[in-house]
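In: Below are the sequence and a predicted model for it; my questions follow.
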Amino acid sequence: MPKERIYTTKDIIDTYIETQRKHIHDDFTNYYTNLLVALQKAFNITLYSRPQNPPPAEKSGISKLFASTIDSLIAIRTPWSNFLETSVIVMQLEKAGEVGTQVDRISGLIDDMSEQNKKLHEEMLKVLFDYLYRPSKTTVTSQDLYAQGFDDATEPDKNDYWDYY
């Protein structure tokens, strides 16, 4: 039996976002895709998608905005986003004196703004999700997912995939 976890509708949104990201290994894509299916079933909702499950006409524009907001959230990044290791850059910036100080200050501001941007996207997604789907349940558990055949304890650990970076 998996360790008990409580899922909310925010977890459906977060999991859907993970299914839209490019992952370093198919294990992650498969896990999040299967988790999303299990969460939808447990919450008794089906996310809109074209052509399989289009939204009703009166919600089609809002559904497009929901999808666009996810794309926008995934695109948020900073100049440091692509680096796994920054020690050489940091050392060079420290040696650069005032330039390094300015870059450090500006990078901090970019990080802060990026985090605020992400939070606002997440807030908007929650409002749109609740309007589009009006879920009747507010929470489900690991046991609910396990009862329908999904073990959430099988989530891959990114630390096991360093060779793929």
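Out: It's in. Owing to the predicted nature of the structure, the values given are computational and were not obtained by experimental measurement. Numbering: from 1, shown residues only.

In: where exactly do the strands run in this structure?
Out: 6-8, 139-141 (DSSP state E).

In: Identify each buried residue in the last one, please.
Out: Read that as strand 139-141. In terms of neighbour count (16 or more other CB atoms under 10 Å), strand 139-141 has its buried residues at Val140. To be clear about C-beta, it is placed using only N, CA and C from the backbone, and glycine gets the same treatment.

In: for that strand, packing partners?
Out: Judged by 3 or more CB pairs under 8 Å, 6 or more residues apart in numbering; DSSP states H and E, the packing partners of strand 139-141 are strand 6-8, helix 26-43.

In: re the thing from before, just so I know, which of the strands of the chain lies nearest Asn159?
Out: Nearest to Asn159 among the strands of the chain is strand 6-8; the distance by CB to CB comes to 23.2 Å.

In: Point out the other helices and strands that the closest one packs with.
Out: strand 139-141.

In: who touches Asp27 in this structure?
Out: Residues counted as contacts of Asp27 (CB atoms under 8 Å, 6 or more residues apart in numbering) are 156, 161.

In: closest to Leu35 out of the strands of the chain?
Out: Judging these by CB to CB, what sits closest to Leu35 is strand 6-8, at 9.1 Å.

In: Partner strands of that closest one, with direction?
Out: Strand 6-8 has its sheet partners listed here by DSSP bridges as strand 139-141 (antiparallel).

In: Mean confidence (pLDDT) on the partner strand, please.
Out: The average pLDDT for strand 139-141 rounds to 95.
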